[in-house]
Structures are given as C-alpha cells and as structure tokens.
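Student: sequence unknown, structure follows:
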C-alpha cells in the first residue's frame, strides 16, 4: 500500500505529460487502500488542488468586476477540481446571492460548513442566504450561534436579523408583488427599502395608498374626499369657507366653478364629504365616528370641545388633527381586539384582565410604533425666507417656542379628553407625552400629496383660469404612508416619489427609480423635494 505522502511526492515528480494518467492511477490506488473514504470527497492531488485555487482566484477577479456568471463558472471548476475547497464553496455562495439564487447559496454554504464547520465566513454565507429566503428567525439563530467564532462579524448581524424577524410579518404583505422589501439595515440607520431584484431606471417599484390623509388648511377652495383626498370640485370664491372651525355649507348649497356631481356627505351631516359610499363607510368605521361632532351620543359640550380642537389644529397647519386621527384609529383597533378577546374567552367565562388590556392596546398601536418619530417639542425648523429659526422668531416676540408648544399640547389633550372620542380604557393615549410624539411623527413623516381633477375637469379649469393643466386647483393634503416612511434620504438618491397621479384621482403615491438599482441595494430619496 502506498501512503498519501508518497503518492503526492511521486505524482509531483512525474513529467507534465504523464500527470493526468498518474492522477487516475492515484485515485484507483487510494480507493483500494482506503475504501471507507469513498463516502466523502477525496483530497485531490497537489497539482489538482493548485488548479482549484487558480480557478478560485479567477473567480474572485470576475466577482470583483461584477461578472457574476463568469465567476460562477470559475468557482464551479475550482470545486470540481477539489470538492473540499470550502473557500470556493463560500465564494460561490456569495455569487449566487448576488444573482438572487438564495436556495443554491444556502446549499453551498451548508456544503462548505460540512467541510470546515469552524470557518466564520461560511456561517455568514448561511445566515445571509437564510435572510434572502426571508427566514429571518433562522438567520438570526445562525448568526447568534456563530458569535463565539467572530464577535465583530456577527454581533450586529444577529441583532439586525432578529429585528428583521419582528418587522417581517407587518411589512411583507404591504410590499407583496413588488421588487422591494423593508429591511432593518443597522442600528444607526434603522429601516430602509431594499431592492429584491435588479430594477431598471424609470421603473415604478411601489404604488401606495395613505394610512391617513388630511386636506391642508389653506386648500379650502377645493372640496375633497375626507377619506382618500379625491378631488370633488373647486368652489366659487364666494362659497369658500373662511373659518374652518365652523362646519362647511350643506352640500346642496355648494357652488362649483365647473360642473361636478353632488358629493356624498357624512351620514351625520357634519360637513365632511366623500367621493363614494365605500370611502364614507371606511372613514366612519376607521376613525370618523369618534371625531364627528354629530356622532351618536355626543353632548353639546363634547361637540364644542371637538370644534375648539379643530380650531387649535389649524394653528399647527392641521398636524394636531392628523395626530387625533391616529389616536382614533388606534382606539377603533383596540375595541376590535378586545371584542375578539372577549369572544375567545367566553367559552371559559374568563374576562380579559388589566394586563391583557394593556397588551391589546400595545398591539392596536402597532401601525404608529412602526414610524420613526421624535418629540414635536424638540423640532425647530429653519425658515429659508427669513433666514432664521423658529426659536429666534418666537424669541423676537418675547416668548419661548418650547413654552408655546407645551401650552398648545396641554390644551389639545384637555380638549380631546372632553370630546366624543375619549375612551377611559385608552387613557394612556390622551397624554401630553404621546401627543408630542405623534405630532413629531406627523411633522417628520408627513408627505405632501395631491388629488387631481379628471382630464375633462382639468381642461375646463385650465380654460377658466387661463393656466396650464399643472396649475389648476387640486386637492392638496398631508398624508402618512407606511412603506414610504421607511425610505431614507441621500445626497446621491436613486429613487423619487411622485404624488398626484394622473391615472388616480386620490392621494396615492408611486416610487420610481432614477437609475438602475442592483439587487440588495437600498432605495433612497433626495433631501430636497
């Protein structure tokens, strides 16, 4: 019998032309002398292993140049030459990931780990492949178990995948059938929108409807749907309301600049208008029943408090009212969850406990907690027109901006507690601290949106106002979008957001790429609109 060392020495000393035949003889002799090794990849002869590393190097060069198919070919030759080349398996796994083939990437990572179970990079490849397959909990477990092998490599990764596992159930449905997904990028950046495949320049990657939307205070010359912000008509100047704290004129008295169908009013005739019965039902069930001054059971005092709140909201350009809508939607979701919990407990005659109510309220707040937010009281805007900050402007009037905001928040909370929407079981929603956070959420995440007239109305208004189609009156508002809020900003953006879609009269927006985007690349917007 020959030893491995002796065979390697013998083969290495053979002439170049005889190496191929001798390699074959070596394999036969090795199998005869070591039959149990047949079940695992055999260590290749020295000259074949050298060839394997050469192919691996060529693959690395192709990978660095972005030539992934060429890299795959070289790595395949390297692995064929030496099936135990775990580095080539790791590199091919990374290449498959770049090409979007996570299944093959996972197979190569696991094959490599069977050969070199202690090599950290193979654990990294496996975790990344599992994440690409949206198995984030498994990816987090792999990264966590590998932390002992390389703390620096896996500490942040394990945390990121664990956080992504928490995000996945909420955002996956909202990005279904799109080439993008919400990912947790890092502790510093938080969430971001990432391409799940290569995206061409000019491609629409997302069309999203708002979570909530509200018409701007200075847009009262236009009647818009209270639910979706669809354009319903442009009012004649003499019919434009001058005091938004007073309910609008009944719909029969509305006079539009151009022919328009009579809008549908709120079922309680509070002055809110809708484009359809579906929108009216959606708004009533979702939040309007709690914010309608004519809601069933509302006392005169409660209705007066709500109107006073609306007037106070106008001083914040409607931000307070948007925050109140978020509170109302949370209360509606909470009541639904409580009803479901009571139904489930009815069989055992067990009433939900105080801790159960707290858990349900936290669950009802989930859409709000998904937004990045800072306290409104800490935000100080810069006025480009005057070249000064809000702080400086208020200081010039002898008052502090922080004191003004604190007083306004306290008054707003008192009015909401006196309004029809107050729910004792949700008293934690009616605090200065929470309202301060919601106001900051609206200010930092609110997007400007438009509801455009249809083509015929645009032409009529264009002739009437002697202006272009782009300058005709439209419904203008502020809206919150769940997925859009995950987009980060960059000095070199690769995407843009378009509102006021010509093919949709409501407040939907779409995200469009400005240049080609690679799979796995983050989509970002410009800092300047």
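Tutor: Cool, the structure landed. Being a predicted model, the structure only gives us computed values, none of them experimental.
Student: For residue 132, which residues are in contact?
Tutor: Neighbouring residues of residue 132 by Cβ atoms under 8 Å, 6 or more residues apart in numbering: 97, 100, 102, 105. Quick note: C-beta positions are derived from backbone N, CA and C, even for glycine.
Student: Got phi/psi on it?
Tutor: phi -60, psi -30 (degrees, to the nearest 10).
Student: try residue 194
Tutor: Residue 194 adopts backbone torsions of phi -120, psi 140, taken as degrees, to the nearest 10.
Student: what number of residues lie near it?
Tutor: 20 (other Cβ atoms under 10 Å).
Student: Flag the shaky bits of the stretch 101-250 of the chain, pLDDT-wise.
Tutor: 242-250 (pLDDT under 70).
Student: Let me know the closest of the contacts of residue 132 to residue 523.
Tutor: residue 100 (16.5 Å; Cβ to Cβ).
Student: The nearest residue to that closest one once chain neighbours are set aside - how many residues pack around it?
Tutor: With Cβ to Cβ, 6 or more residues apart in numbering as the criterion, residue 100 has its nearest non-adjacent residue at 5.3 Å, and that residue is residue 519. Neighbourhood size, residue 519 [other Cβ under 10 Å]: 16.
Student: Residue 519 looks like it's in a strand, true?
Tutor: No - looking at residue 519 with DSSP: H, G, I helix; E, B strand; the rest coil, it is coil, so not inside a strand.
Student: That one reaches residue 181, doesn't it?
Tutor: No - using Cβ atoms under 8 Å, residue 519 makes no contact with residue 181, being 10.9 Å away.
Student: anything in contact with each of these two?
Tutor: Joint contacts of residue 519 and residue 181 (Cβ under 8 Å, 6+ apart) are residue 196.
Student: Verify the stated contact: residue 310 with residue 322.
Tutor: No - in this structure, residue 310 is not within contact of residue 322 by Cβ under 8 Å, at 11.9 Å.
Student: who's in contact with the residue nearest to residue 100?
Tutor: Contacts of residue 519 (Cβ under 8 Å, 6+ apart): 98, 99, 100, 195, 196, 197, 198.
Student: Just the buried ones from these, in PyMOL syntax?
Tutor: PyMOL command restricting the contacts of residue 519 to the buried ones, with burial defined by 16 or more other Cβ atoms under 10 Å:
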select buried, resi 98+195+196
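Student: Out of the contacts of residue 519, flag the one nearest to residue 400.
Tutor: Using Cβ to Cβ, residue 195 comes nearest to residue 400 of those, at 45.6 Å.
Student: pretty sure residue 479 belongs to a strand, no?
Tutor: Yes - assessed with three-state DSSP, residue 479 lies in a strand.
Student: Show me what it is bridged to.
Tutor: residue 213, residue 447 (DSSP bridges).
Student: quick one, helices of the stretch 1-150 of the chain?
Tutor: 4-13, 19-33, 46-64, 68-81, 86-98, 102-115, 120-132, 136-145 (DSSP state H, counting those that start in this stretch).
Student: ok, back up a step: adding distance to residue 470 as columns, could you present the contacts of residue 519 in JSON lines?
Tutor: Below are the contacts of residue 519 laid out as JSON lines (distance: Cβ to Cβ, whole Å):
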{"residue": "98", "distance to residue 470": "42"}
{"residue": "99", "distance to residue 470": "42"}
{"residue": "100", "distance to residue 470": "39"}
{"residue": "195", "distance to residue 470": "31"}
{"residue": "196", "distance to residue 470": "34"}
{"residue": "197", "distance to residue 470": "34"}
{"residue": "198", "distance to residue 470": "33"}
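Student: Emit the PyMOL select command for whichever of the contacts of residue 132 are buried.
Tutor: Selecting only the buried entries of these in PyMOL, with 16+ other Cβ under 10 Å as the criterion:
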select buried, resi 97+102+105
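Student: Of the contacts of residue 132, which is the nearest to residue 266?
Tutor: For those, the nearest to residue 266 is residue 100 (49.0 Å; Cβ to Cβ).
Student: gap between the closest one and residue 60?
Tutor: Per Cβ to Cβ, to the nearest Å, residue 100 is found 20 Å from residue 60.
Student: Could you dump the contacts of residue 132 into CSV with distance to residue 486 added?
Tutor: CSV is the format used below for those (distance: Cβ to Cβ, whole Å):
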residue, distance to residue 486
97, 22
100, 21
102, 22
105, 25
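Student: Doesn't residue 207 belong to a helix?
Tutor: No - Residue 207 is assigned strand when assessed by three-state DSSP, not a helix.
Student: Bridged to it, which residues?
Tutor: residue 510.
Student: Distance from the chain centre to stretch 74-92, please.
Tutor: Relative to the centre of its chain, stretch 74-92 is centred 38 Å away, using Cα atoms, centre = their mean, to the nearest Å.
Student: Same question for stretch 225-234.
Tutor: Centre to centre, stretch against its chain (Cα atoms, centre = their mean), the figure for stretch 225-234 is 26 Å.
Student: Now do the end-to-end distance for it.
Tutor: End-to-end distance of stretch 225-234 (Cα to Cα, to the nearest Å): 12 Å.
Student: again with stretch 96-104
Tutor: First residue to last in stretch 96-104 (Cα to Cα) measures 6 Å.
Student: Same check on stretch 93-104?
Tutor: 7 Å.
Student: Next: stretch 197-205.
Tutor: 11 Å.
Student: Can you tell me what sits against it?
Tutor: 100, 178-180, 195, 495, 510-519, 523.
Student: same check, this time on stretch 388-404
Tutor: Against stretch 388-404 from outside (Cβ under 8 Å, 6+ apart): 377, 380, 381, 382, 383, 386.
Student: Pull out the buried members of these.
Tutor: Here, 16+ other Cβ under 10 Å leaves residue 377 buried among the contacts of stretch 388-404.
Student: hey, where'd the strands end up in the stretch 201-350 of the chain?
Tutor: 204-208, 212-215, 222-224, 231-234, 264-265, 273-274 (DSSP state E, counting those that start in this stretch).
Student: now the fifth one, how far from the chain's geometric center?
Tutor: Averaged C-alpha coordinates place strand 264-265 at 33 Å from its chain's average position (Cα atoms, centre = their mean).
Student: Over to stretch 161-178?
Tutor: Worked out by Cα atoms, centre = their mean, stretch 161-178 lies 8 Å from the chain centre.
Student: Identify all contacting residues around stretch 151-164.
Tutor: 120, 123-124, 127, 131, 136-137, 139-140, 143-144, 146-147, 183-187.
Student: any chance of the helices of the stretch 1-150 of the chain in a markdown table, with distance to residue 202 too?
Tutor: Below are the helices of the stretch 1-150 of the chain laid out as a markdown table (distance: least, Cβ to Cβ, whole Å):
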| stretch | distance to residue 202 |
| --- | --- |
| helix 4-13 | 58 |
| helix 19-33 | 53 |
| helix 46-64 | 28 |
| helix 68-81 | 24 |
| helix 86-98 | 23 |
| helix 102-115 | 27 |
| helix 120-132 | 26 |
| helix 136-145 | 31 |
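Student: Which stretch among these approaches residue 362 most closely?
Tutor: Taking the helices of the stretch 1-150 of the chain one by one with Cβ to Cβ, helix 136-145 is closest: 21.0 Å.
Student: which helices and strands sit right next to the closest one?
Tutor: If you count contacts as 3 or more Cβ pairs under 8 Å, 6 or more residues apart in numbering; DSSP states H and E, helix 136-145 packs onto helix 120-132, helix 151-172.
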